[in-house]
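K.L.:
could you look at this predicted model? Sequence included:
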Amino acid sequence: MIYANVSTRATEIEKLVASNELNSATKRLMDLVEDFAIEKRQKREAINIRAIYNELREDSRLYGRTEEINGRTKQLRNQILELNDVITEAVLAQTNVSKEIVNLQSRITSEYHAKDNVDNEIKTKLELEKDEFIRAKRLDKPFTNIVFEGKGISKTYGSKSIKFTLHPIDLKLRLGEITAVVGENGNGKSTLLNIVAGNLTIDAGILKYPFLILNEKTYDYSIKQQIAFIPQELPKWRNTVAENLHFSAAIHGIKGKENEEEVDFIISRLGLNRYKNAGWHEISGGFKMRFSLARALVWGPKLVILDEPLANLDINTQTLFLQDLRNLANSVANPMSVLVSSQHLHKVESIADNIIFLKDGVTIYNDKIKNFGADREENIYEIECELLKEDLMDLLENIAYTHIETVGNNFLIYASTHVTDLQFLKIFTENNIKLNYFRNISKSTRKLFTTNEYDT
């Protein structure tokens with residue numbers, strides 16, 4: 001139901017404005033316009049609002065929070081809310097849905113949200129955003145369209161002395177979903193991504209691309225032309241950011257005024273305004289990756305593949321990049337499927353729908369991320385502290401733990417599922433012991449990285 005999607009998105013934007021998160025608010029407003037705007041001028045208006053925000057942010061950095069800047073900020077907040085209301089009301093009017101029905105839908109969603117707590121785990125903003133999208137999908141019965149399907153995919157290559165085999169794996173990639181491929185280096189992640197992208201042939205198995213238009217004579221070429229593939233090592237490019245984006249759109253059939261509009265939109269949406277006339281050597285690694293995403297998205301692919309996109313990004317940029325990726329995959333007007341590999345396990349798990357764990361080319365796990373650990377018989381806590389293992393064992397003697405494993409500078413504590421996060425942390429706080437790191441990895445594929453060698 002389209003009104004539920006619009007209402008959920010509009011409410012999200014209002015909350016972002018209320019908490020003064022104007023960067024996210026202007027981005028999500030652009031997403032709202034892209035998905036639901038009825039008039040083309042509203043797309044230009046959203047671009048202008050985003051430009052006003054960028055200018056305001058630069059002035060704030062230069063001059064601080066002056067009275068004049070505070071006034072402009074207030075005006076910007078009103079502009080965001082006004083366009084948000086205009087689009088929402090236009091969609092509601094077009095679908096003949098009353099505000100009373102929307103309010104009822106919101107209450108139902110809120111009640112559902114209240115009942116859908118998972119233990120007492122603390123969720124990140126990205127995880128909460130992902131949860132909201134999953135709820136919207138449950139309510140609206142959204143896309144189940146398969147973009148790619150592979151059955152029994154396998155590949156062997158290498159020299160006589162060193163060989164690698166990606167053992168048979170089944171894979172389905174759907175619109176609106178993000179699938180993360182994780183595992184240690186050299187275990188087959190890049191191999192799998194390159195097979196799906198059409199860069200590697202397979203030794204066995206079946207590959208299907210339901211959403212692609214394939215030419216029998218140029219089969220491999222036609223696959224590559226319709227999939228956006230972003231490698232870990234970004235190739236150098238000539239000319240400016242804007243010129244490259246115009247070219248990328250043009251070779252995919254987007255020309256004339258539409259070309260100008262799409263490039264302007266993606267530049268604004270991904271925060272590249274300052275660098276649109278910049279060349280390769282004038283932008284940082286983070287913005288090079290953001291540009292690569294813009295070049296991939298400007299022509300509207302149905303499948304986007306990213307090989308280790310977070311490798312050269314700082315922590316804050318990683319979070320923003322993934323947040324954009326999650327929002328763009330969720331698009332109603334232009335949904336896409338995303339296949340991404342990463343060593344940053346907890347980051348990608350927070351935005352992924354599906355997870356694939358590879359070890360020595362063998363698939364250890366391949367399913368929904370929400371299903372991982374659902375049938376577990378114990379909780380696993382990963383911590384870092386100054387205690388020796390023997391002292392830690394003494395400290396935890398009053399809780400139901402089974403064993404402790406040492407992994408580098410960290411400890412993995414295996415405990416009963418009856419032990420909660422708060423109960424576990426309380427032991428350390430009551431004994432005034434500082435934890436340098438703490439995470440419940442019971443429902444994370446992080447536990448598949450463990451050595452399984454421990455002393456009881």
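P.N.:
Alright, I've got the coordinates. Numbers count the residues shown, from 1 in each chain.
K.L.:
rest of the way, CA atoms for contacts and neighbours
P.N.:
OK.
K.L.:
any chance you could map the strands in the stretch 51-200 of the chain?
P.N.:
146-158, 163-174, 178-182 (DSSP state E, counting those that start in this stretch).
K.L.:
same list, the ones you listed, but as CSV with mean pLDDT, mean neighbour count and distance to N409 please.
P.N.:
Formatted as CSV, the strands of the stretch 51-200 of the chain follow (pLDDT from 0 to 100; neighbours: other Cα atoms under 10 Å; distance: least, Cα to Cα, whole Å):
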stretch, mean pLDDT, mean neighbour count, distance to N409
strand 146-158, 93, 17, 35
strand 163-174, 95, 17, 31
strand 178-182, 97, 26, 22
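K.L.:
any idea which of the ones you listed gets closest to L29?
P.N.:
Between L29 and those, the tightest spacing by Cα to Cα is seen for strand 178-182, at 21.7 Å.
K.L.:
contacts for stretch 60-67 next, please.
P.N.:
Contacts to stretch 60-67, defined as Cα atoms under 8 Å, 6 or more residues apart in numbering, come from residues I69.
K.L.:
what does stretch 73-85 give?
P.N.:
Outside stretch 73-85, the residues within contact range by Cα under 8 Å, 6+ apart are 10, 13-14, 17, 22, 25-26, 29, 32, 42, 46, 49, 52-53, 56.
K.L.:
quick one on the thing from earlier: right, and the strands of the stretch 51-200 of the chain - which one's nearest T317?
P.N.:
Nearest of the strands of the stretch 51-200 of the chain to T317, taken as Cα to Cα: strand 178-182 at 18.4 Å.
K.L.:
chain center to the closest one, what's the gap?
P.N.:
Mean-position distance between strand 178-182 and its chain equals 10 Å (Cα atoms, centre = their mean, to the nearest Å).
K.L.:
do stretch 25-39 as well
P.N.:
19 Å.
K.L.:
and stretch 312-328, by the same measure?
P.N.:
Here stretch 312-328 is found 7 Å from its chain centre; the criterion is Cα atoms, centre = their mean.
K.L.:
of the contacts of stretch 73-85, which is the nearest to V147?
P.N.:
L32 (23.5 Å).
K.L.:
grab the nearest non-local neighbour of the closest one.
P.N.:
Spatial nearest neighbour of L32, excluding adjacent residues (Cα to Cα, 6 or more residues apart in numbering): R9 at 7.0 Å.
K.L.:
what is the burial count for that neighbour?
P.N.:
21 (other Cα atoms under 10 Å).
K.L.:
same check on E430?
P.N.:
Here the number of neighbours of E430 (other Cα under 10 Å) works out to 8.
K.L.:
next helix or strand past whichever strand or helix holds S7?
P.N.:
Element membership for S7, per DSSP states H and E: helix 2-18. Sequence order places helix 22-36 as the next helix or strand after helix 2-18, per DSSP H and E.
K.L.:
I'd like to check the angle between that following helix and helix 2-18, please.
P.N.:
160 degrees (axes from the mean of the first three to the mean of the last three Cα atoms, to 10 degrees).
K.L.:
tell me which residues are up against stretch 9-17.
P.N.:
Contacts of stretch 9-17 (Cα under 8 Å, 6+ apart): L22, S24, A25, R28, L29, L32, R77, I80, L81, N84, D85, T88.
K.L.:
tell me the pLDDT at the last one?
P.N.:
T88 is assigned 89 on the pLDDT scale.
K.L.:
how close does the nearest residue to it once chain neighbours are set aside get to K40?
P.N.:
Leaving aside its sequence neighbours, T88 sits nearest to V6 (Cα to Cα, 6+ apart; 6.2 Å). Using Cα to Cα, to the nearest Å, one obtains 18 Å as the distance from V6 to K40.
K.L.:
please say which of those two ends up with more neighbours.
P.N.:
It is V6, of V6 and K40, that has more neighbours when counted by other Cα under 10 Å, with 22 against 11.
K.L.:
ok now do the more buried one, which residues does it touch?
P.N.:
By Cα under 8 Å, 6+ apart, the contact set of V6 is L32, F36, T88, V91.
K.L.:
show the pLDDT at the first one.
P.N.:
Here, the pLDDT recorded for L32 equals 93.
K.L.:
what about it, neighbour count?
P.N.:
Using other Cα under 10 Å, L32 has 25 neighbouring residues.
K.L.:
buried sites along stretch 286-299?
P.N.:
Within stretch 286-299, the residues that qualify as buried are 286-299, counting by 16 or more other Cα atoms under 10 Å.
K.L.:
which one among those gets closest to N185?
P.N.:
M289 (20.7 Å).
K.L.:
count the residues that sit near Y275.
P.N.:
For Y275, using other Cα under 10 Å, the count is 17.
K.L.:
surely it touches V241?
P.N.:
Yes - using Cα atoms under 8 Å, Y275 makes contact with V241 at a distance of 6.8 Å.
K.L.:
before we move on, the earlier item: just name the closest of the contacts of V6 to L396, please.
P.N.:
Distance to L396, by Cα to Cα, is smallest for L32 among these, at 50.0 Å.
K.L.:
list the residues that contact the closest one.
P.N.:
Contacts of L32 by Cα under 8 Å, 6+ apart are V6, R9, A10, N84.
K.L.:
how much space separates the first one from I87?
P.N.:
Translated: V6. According to Cα to Cα, V6 and I87 sit 9 Å apart.
K.L.:
give me the common contacts of these two.
P.N.:
With Cα under 8 Å, 6+ apart, V6 and I87 have common neighbours F36.
K.L.:
next up, phi/psi of the nearest residue to F287 once chain neighbours are set aside, please.
P.N.:
Distances taken as Cα to Cα, 6+ apart place L272 nearest to F287, at 7.6 Å, with adjacent residues excluded. Main-chain torsions, L272, degrees, to the nearest 10: phi -100, psi 10.
K.L.:
was I right to think R238 contacts W280?
P.N.:
Yes - applying Cα under 8 Å, one finds R238 in contact with W280, separated by 6.9 Å.
K.L.:
S248: neighbour count?
P.N.:
20.
K.L.:
give me the element it is part of.
P.N.:
In this structure, S248 is located in helix 241-251 according to DSSP H and E.
K.L.:
for that helix, packing partners?
P.N.:
With contacts defined as 3 or more Cα pairs under 8 Å, 6 or more residues apart in numbering; DSSP states H and E, helix 241-251 has these neighbours: helix 256-269, helix 285-297.
K.L.:
what's the closest of those helices to E382?
P.N.:
helix 285-297 (29.7 Å).
K.L.:
pull out the buried residues from whatever helix or strand comes next after the closest one.
P.N.:
Toward the C-terminus, helix 285-297 is succeeded by strand 303-307 as the next helix or strand (DSSP H and E). By 16+ other Cα under 10 Å, the buried positions in strand 303-307 come out as L303, V304, I305, L306, D307.
K.L.:
likewise stretch 182-201?
P.N.:
182-183, 187-199.
K.L.:
next: stretch 396-413.
P.N.:
Within stretch 396-413, the residues scored as buried using 16+ other Cα under 10 Å are Y401, I404, E405, T406, V407, N410, F411, L412, I413.
K.L.:
send the alpha carbons of stretch 79-94 over as PDB?
P.N.:
Output of stretch 79-94 as PDB, limited to C-alpha atoms (Å, rounded to 0.1, in the frame of the first residue of the first chain):
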ATOM      1  CA  GLN A  79      11.300  24.300   3.600                       C
ATOM      2  CA  ILE A  80      12.000  20.600   4.200                       C
ATOM      3  CA  LEU A  81       8.800  20.100   6.200                       C
ATOM      4  CA  GLU A  82       6.700  22.100   3.600                       C
ATOM      5  CA  LEU A  83       7.900  20.000   0.600                       C
ATOM      6  CA  ASN A  84       7.500  16.800   2.700                       C
ATOM      7  CA  ASP A  85       3.900  17.800   3.400                       C
ATOM      8  CA  VAL A  86       3.200  18.700  -0.200                       C
ATOM      9  CA  ILE A  87       4.400  15.400  -1.600                       C
ATOM     10  CA  THR A  88       2.600  13.400   1.100                       C
ATOM     11  CA  GLU A  89      -0.700  15.100   0.700                       C
ATOM     12  CA  ALA A  90      -0.500  14.800  -3.100                       C
ATOM     13  CA  VAL A  91       0.100  11.100  -2.900                       C
ATOM     14  CA  LEU A  92      -2.700  10.700  -0.400                       C
ATOM     15  CA  ALA A  93      -5.100  12.700  -2.500                       C
ATOM     16  CA  GLN A  94      -4.200  10.600  -5.600                       C
END
